[in-house]
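*Asks:* Requesting a structural model of the entry that follows:
(2 chains)
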2 protein chains.
Amino acid sequence: MGERRGGIVRRMTARPENAHQARLLRLLRDNGSNSRAQMGDLVDLSRSKLAVEVDRLLETGLVVADGLAPSRGGRRSHNIRLAPTLRFLGVDIGATSINVAVTNAELEVLGQLNQPMDVREGPVAVFEHVLSMAAKLKASGVAEGFDGAGIGVPGPVRFPEGVPVAPPIMPGWDGFPVREALSQELGCPVMVDNDVNLMAMGEQHAGVARSVGDFLCVKIGTGIGCGIVVGGEVYRGTTGSAGDIGHIQVEPEGRACVCGNRGCLEAHFSGAALAGDAEQAAREGRSVQLAARLETAGRLTAEDVSAAAAAGDAVALELIREGGKRLGQVIAGLVSFFNPGLVVIGGGVTGLGHTLLASVRTQVYKQSLPLATGNLPIVLGELGPAAGAIGAARLISDHVFSPA
Amino acid sequence: MGERRGGIVRRMTARPENAHQARLLRLLRDNGSNSRAQMGDLVDLSRSKLAVEVDRLLETGLVVADGLAPSRGGRRSHNIRLAPTLRFLGVDIGATSINVAVTNAELEVLGQLNQPMDVREGPVAVFEHVLSMAAKLKASGVAEGFDGAGIGVPGPVRFPEGVPVAPPIMPGWDGFPVREALSQELGCPVMVDNDVNLMAMGEQHAGVARSVGDFLCVKIGTGIGCGIVVGGEVYRGTTGSAGDIGHIQVEPEGRACVCGNRGCLEAHFSGAALAGDAEQAAREGRSVQLAARLETAGRLTAEDVSAAAAAGDAVALELIREGGKRLGQVIAGLVSFFNPGLVVIGGGVTGLGHTLLASVRTQVYKQSLPLATGNLPIVLGELGPAAGAIGAARLISDHVFSPA
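*Replies:* Numbering: from 1, shown residues only, chains lettered A, B, ... in the order given. Coordinates of the predicted model:
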C-alpha cells in the first residue's frame, strides 16, 4: 500500500487511465454508490465499454463492489462505490485561523479541527500547525494516511504552481512553494488555491450552490474576496487574482486603505474595518454594550459586533447595516456585470447574518437592473466555517480523479 | 444546390457529422488553407482517422482540395480549404446605425454597407433595412445566397432562442422572434446575440484580442456595454444580461438615469451623455467650436466632441477626460474582479481615441491592484465599426461548423 520516506508513508494512490474513468470516479464522488446500469445512463458509454472501464477501476482499487443493485428487469447489476479507505485532507488557512477536515472519497467530513493562528507568523510556522492538526486527526482514527490534500490560503495563488503571489496580508508567503513543500511533508498530491475559491467550491459541492452553474461567493473575513464560478468551474483570472473585490472603490474620497488608495471596500467594510469601527464607537461612549466588551477583552472583533447586534445594540446594528450597504453597492455592480444565477455570502462574519443580508439585498435590488435581479437569490452560505475545507477536499479530489 | 421557397432560395448547406469534422472546419476557418499533414498535427487525429473525416468533408462540399502542399519529406499532401462559395452574412444593429457585411468562410469581408437608422423604429422596419442591404450586397456580386447569418442587437438577448429581452433602448423589440423571422426571410440558419458580445468576438477573431483567452471588450456607443470572454468563449450570464455595465453606479448622488436610478455610468458617460454635455457647454458659451457646430447642425453628437477635441477645443478635451475617468472607475473595479488579460475599448466613440484611452488607463492603473494590472494592456479595438459584423459572421460560422 505505501512506501516509507523520512517517516512519511507515501500512499501509492492509483489515478484513472483516461477521461471516461475520471468521469466515473467524479460521478461516484458526487452521487455516491451507484449501479453499473445507472452509471451507464449517466456517462453515455456503451454497456461493454463501461464494463471495461469499471473493471479497470476495480483492479486499481479506486472503486469497490458494493452489493447488488435493485433489479431493473434483467440480471441484477452490482453497485459500485469509491474505495472506502480513500482519504482527503482539506485545509483552510484564513488570516486568523486554520480549519482542517478529513473526508472520505465522497467528501463527507469524518473529522475536523479548528484553531486560531496568525497568518503573519509565516508559512513555516503555519504549516507546522497544519501538520500537527493533520497528525491529531490521524491519531483520532479517521485516517491512516491521505490520498491527497487541498490547501487554501488567504491571498492570490499562481494556481498551476501552487504558489502564493504578492499576498497583501501575508508577509513571508510570496513565492513560498506551498504545493511542493506540503506534498513532501504529507506524502501525497497537494493542490493550492485561494481560500475564497475553495469556499465557492465547498458551497457548490455540498452547500447552497449545488445546482447552479454561474455564481458568486463573497467571503467576508478579515478582508473581503469573491469566488467566481463560470459553468461550474472556478474562474481564477489571468494572474490568479480574480475576485479580489476588497479594493474596489466605494467612496471616491473615502478612508485610506492599506493598499495605498482611498475608499476601498475593505477599508469601509470587512471583519477588520468592523472591529475598528466598533472600538471607536466604544471609546467614544456611543455604545454601552461595545464599551463593556472592549473593557473585558481589551479589543473588539466582528464577532463582538455580531453579539452586540443580537442583543439589540443600536450602534452595532447600524454598523452592520452601513457595512451591508457598502458591500451591496459593490455586489450590485458585479451583478450587473456578471449576471450570476446566485450570490452566496459567507465567511467569518456571517454571524452578522440576516441584518447584513437584508442590507445587501436592499442595495442590490435597488441598484441593479431587474433583468439581472429578477430571479437572483442572495443567500448566506450553508456550510459555515467548514466550506473552505470541504472545497479544499473537492479541489484535490478533482486532481486525483483525473488522468495522471 | 437550393430549394426555392416564397422567392427565397434556401441553400442546403451541409453540416459536419461529428466533433472532429467541426474542429477541422473551424481550424480551416481560423488558419486558412492547410495541408492534411499540418491539420493532423493540430487536431491530434491519427493519419487514417483524419483521412476518413477529410474525405467525408470533401463529399459534403464544405471543403475542397486546394493544390499540393510543400513536401515534408514523404509524399506531397494536398492542401484543403473551406469551400470558396460559402457565404456568411454579419449584421450589426446599433442604436442609430446598421452595419452589414458579407464574408467568405474564412470570415474575410467581401463587401459591407453601413446606414443610419433608429432602432426605435421597431424590428419590422429595421429588418426591412437589413434585408434590402443584404439584397444590395448580393446584387453587387459578392454572394449568391447565404449559408448563415449572425445578427447583433443593442440589448440583452435570450441566446438559446435568439430573442431580445427587456431591451431598455428598444421599444417594440421585447420578445420579437428575430432568429425565426430572419431565418425565414433569409433562407438560412440565423443566430442572434447582443451587439457588444459580437464586437468582442470580432476583435477576438480578426482584431486585437486574437491570442487572449480571458478579456473584456467595452463598447461605447449610444450606451455602454461590455463583452466578457472566458477561456475563449463569450460569457452571457444567467439571463443574457452579463456585461450590462452602463448602470453600474459611479456617483452615489449623481445624475438621474433613464433606468430610474441615479449616478449610473451611462448617465455620466456614453455617446448620448457626451452629446448632451457638449450641447450644454455650447449653449452656455463655454466653447466657441461646439457652439459653431451646434448652430450648423442643430444638435451635437459624440463625433462633434471628437472633432472639436482634435481641433484643440479645451472644453471638448475636458469632457472626454472626465468621461474617461468615469469609465476608468468602472473598469478598475472590473479589472479587480475579473483579472482579465486584456481590455479592449471600441464602439462609435473611439474617435475620442487616445485622450479617452489615456484617461481610462490612468484611472485603472491608479485604482486597481498591481497584481491585476501588471501585464494588463488597455487598448482600442482594431476593427473599428466592422467588429460587430465580423463577430456576427463568426457567431453563425460557429453554429454552421458544429454538428447538426
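*Asks:* who's in contact with the spatially most central residue of chain A?
*Replies:* By CA atoms, centre = their mean, the mean C-alpha position of chain A lies nearest to A:Met199, the distance being 2.0 Å. With contact taken as CB atoms under 8 Å, 6 or more residues apart in numbering or on different chains, A:Met199 is in contact with A:92, A:152, A:217, A:219, A:227, A:346-347, A:381, A:387-388, A:391. The way it works is simple: take the backbone N, C-alpha and C, and place the C-beta from them, glycine included.
*Asks:* average pLDDT for the helix or strand where it lies?
*Replies:* Mapping A:Met199 onto the secondary structure by DSSP states H and E places it in helix A:195-206. Mean per-residue pLDDT for helix A:195-206: 96.
*Asks:* Just the CA trace of it, in CSV.
*Replies:* C-alpha atoms of helix A:195-206 as CSV (Å, rounded to 0.1, in the frame of the first residue of the first chain):
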residue,chain,number,x,y,z
ASP,A,195,-9.4,30.4,0.3
VAL,A,196,-12.4,32.2,-1.3
ASN,A,197,-12.3,29.9,-4.4
LEU,A,198,-12.4,26.9,-2.1
MET,A,199,-15.3,28.3,-0.2
ALA,A,200,-17.1,28.6,-3.5
MET,A,201,-16.2,25.0,-4.4
GLY,A,202,-17.4,23.8,-1.0
GLU,A,203,-20.8,25.5,-1.3
GLN,A,204,-21.0,24.2,-4.8
HIS,A,205,-20.3,20.6,-3.8
ALA,A,206,-22.3,20.3,-0.6
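*Asks:* what about it, distance to the chain center?
*Replies:* 4 Å (CA atoms, centre = their mean, to the nearest Å).
*Asks:* Moving C-terminal from it, which element do we reach first?
*Replies:* That would be, after helix A:195-206 and using DSSP H and E, strand A:215-220.
*Asks:* and that following strand, how far from the chain's centre?
*Replies:* With CA atoms, centre = their mean, you get 10 Å for strand A:215-220.
*Asks:* if you look at it, does any of it touch chain B?
*Replies:* No - residues of strand A:215-220 are not located near chain B by CB under 8 Å from any CB of the partner chain, the shortest gap being 8.7 Å.
*Asks:* by how many degrees do that strand and helix A:195-206 diverge?
*Replies:* Per axes from the mean of the first three to the mean of the last three CA atoms, to 10 degrees, the angle that strand A:215-220 makes with helix A:195-206 is 130 degrees.
*Asks:* would you list every one of the strands in the stretch 1-150 of chain A?
*Replies:* A:2-5, A:8-11, A:34-35, A:63-68, A:78-82, A:88-93, A:97-103, A:109-116, A:148-153 (DSSP state E, counting those that start in this stretch).
*Asks:* Out of those, flag the one nearest chain B.
*Replies:* strand A:148-153 (14.4 Å; CB to the nearest CB).
*Asks:* Quick check: neighbours of the helix or strand following the closest one in the sheet, parallel or antiparallel?
*Replies:* Downstream of strand A:148-153, the next assigned helix or strand under DSSP H and E is strand A:157-158. Its sheet considered, strand A:157-158 pairs with strand A:163-164 (antiparallel) by DSSP bridges.
*Asks:* what's the helix or strand following the strand it pairs with in contact with?
*Replies:* Using DSSP H and E, the helix or strand that directly follows strand A:163-164 along the chain is helix A:178-186. Outside of helix A:178-186, the residues within contact range by CB under 8 Å, 6+ apart are A:8, A:89, A:123, A:127, A:130-131, A:134, A:146, A:149, A:151, A:153, A:161-164, A:189-192.
*Asks:* Buried ones among those?
*Replies:* A:89, A:123, A:127, A:130, A:134, A:146, A:149, A:151, A:153, A:162-164, A:189-192 (16 or more other CB atoms under 10 Å in any protein chain shown).
*Asks:* Taking the stretch 101-250 of chain A, what residue is nearest to chain B?
*Replies:* Counting by CB to the nearest CB, the stretch 101-250 of chain A gets nearest to chain B through A:Gly237 (2.6 Å).
*Asks:* tell me the contacts of that residue?
*Replies:* Shown in contact with A:Gly237 (CB under 8 Å, 6+ apart): A:243, B:214, B:338-340, B:372.
*Asks:* Please narrow those to those residing in strands.
*Replies:* Nothing among the contacts of A:Gly237 maps onto strands, per DSSP state E.
*Asks:* Spit out the contact partners of the nearest residue to A:Lys219 once chain neighbours are set aside.
*Replies:* Once flanking residues are discounted, A:Lys219 sits nearest to A:Gly347: 3.9 Å by CB to CB, 6 or more residues apart in numbering or on different chains. Residues near A:Gly347 by CB under 8 Å, 6+ apart: A:199, A:218-221, A:271, A:381.
*Asks:* Then A:Val335?
*Replies:* Taking CB under 8 Å, 6+ apart as the test, what A:Val335 contacts is A:343, A:364, A:368, A:372-373, A:376.
*Asks:* Turn those residues into TSV, columns for pLDDT, distance to chain B and neighbour count.
*Replies:* Below are the contacts of A:Val335 laid out as TSV (pLDDT from 0 to 100; distance: CB to the nearest CB, whole Å; neighbours: other CB atoms under 10 Å in any protein chain shown):
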residue	pLDDT	distance to chain B	neighbour count
A:Val343	97	11	23
A:Val364	95	11	24
A:Ser368	90	7	28
A:Ala372	89	5	26
A:Thr373	90	10	22
A:Leu376	95	8	21
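*Asks:* what would the residues you listed look like in a markdown table with distance to A:His399?
*Replies:* As requested, these are exported to a markdown table (distance: CB to CB, whole Å):
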| residue | distance to A:His399 |
| --- | --- |
| A:Val343 | 28 |
| A:Val364 | 35 |
| A:Ser368 | 36 |
| A:Ala372 | 34 |
| A:Thr373 | 36 |
| A:Leu376 | 32 |
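*Asks:* So which of the residues you listed belong to helices?
*Replies:* A:364, A:372-373 (DSSP state H).
*Asks:* A:Lys362: what's its closest spatial neighbour, skipping adjacent residues?
*Replies:* Heads up, residue A:362 is Thr, not Lys. Nearest one to A:Thr362, counting by CB to CB, 6+ apart, is A:Gly328 at 6.7 Å.
*Asks:* Secondary structure element for that neighbour, which one?
*Replies:* helix A:314-338.
*Asks:* Identify each buried residue in that helix, please.
*Replies:* Those would be A:315-321, A:323-338, for helix A:314-338 by 16+ other CB under 10 Å.
*Asks:* Distance from it to the middle of the chain?
*Replies:* 22 Å.
*Asks:* Listing request: residues of the stretch 151-300 of chain A with sub-threshold pLDDT.
*Replies:* A:167-168 (pLDDT under 70).
*Asks:* So which bits of it are right by chain B?
*Replies:* So the stretch 151-300 of chain A meets chain B at A:156, A:165-166, A:168, A:214, A:226, A:228, A:230, A:235-245, A:247-249, A:252, A:259, A:261 (CB under 8 Å from any CB).
*Asks:* Quick check on these: which are buried?
*Replies:* Those of those that meet the buried threshold are A:156, A:165-166, A:168, A:214, A:226, A:228, A:230, A:235-245, A:247-249, A:259, A:261, by 16+ other CB under 10 Å.
*Asks:* excluding its backbone neighbours, what's nearest A:Ala166?
*Replies:* B:Leu371 (5.0 Å).
*Asks:* Tell me which residues touch that neighbour, please.
*Replies:* Taking CB under 8 Å, 6+ apart, one finds A:156, A:165-166, A:239-241, A:244 in contact with B:Leu371.
*Asks:* again, only this time at 6 Å
*Replies:* Residues near B:Leu371 by CB atoms under 6 Å, 6 or more residues apart in numbering or on different chains: A:156, A:166, A:239, A:241.
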